[in-house]
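# A structural model of the following input is requested.
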Amino acid sequence: MKIQKAEEIRQLSAEALGERLTEAKDAFFQKKLQHSLGKLEDSASLRESRREIARLNTVITEKVKGNR
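Below is the predicted model:
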């Protein structure tokens, strides 16, 4: 899954945002599991995953509050 910028994420519908958030959380869990087993080669991907989840949550909150 390609990491998108906030501007690109804001163009998605509420349903698509929910699906992307679920996918991002699942991917983060898998990376965390691989990291704990010592099989994750790129530990920076954990940080990127957390940031993507934060971006998605921010955009969802904006849409709920009606800011955008």
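
# which residue ranges form the helices in this protein?
Here the chain has its helices, by DSSP state H, at 6-10, 14-37, 44-65.

# Flag the shaky bits of the chain, pLDDT-wise.
1-4, 67-68 (pLDDT under 70).

# Ala27 is in contact with Glu48, isn't it?
No - Ala27 lies out of contact with Glu48 (C-beta atoms under 8 Å); the separation is 10.0 Å. For the C-beta atoms, the positions are set from N, CA and C on the backbone; glycine is no exception.

# For Val64, list the residues it contacts.
Applying C-beta atoms under 8 Å, 6 or more residues apart in numbering, we find Val64 in contact with no residue.

# quick thing: my sequence starts at 752, can you match it?
From this message on, residue numbering opens at 752, which makes the last subject Val815.

# how many neighbours does Thr773 have?
Neighbour count for Thr773, taken as other C-beta atoms under 10 Å: 11.

# Let me know the distance separating it from Leu791.
21 Å (C-beta to C-beta, to the nearest Å).

# Which positions in stretch 787-796 come out as buried?
791, 796 (16 or more other C-beta atoms under 10 Å).

# for that stretch, how far is the first residue from the last?
Terminal residues of stretch 787-796 lie 14 Å apart, using C-alpha to C-alpha, to the nearest Å.

# Lys783 contacts Ser794, correct?
No - counting by C-beta under 8 Å, Lys783 does not reach Ser794; the two are 10.4 Å apart.
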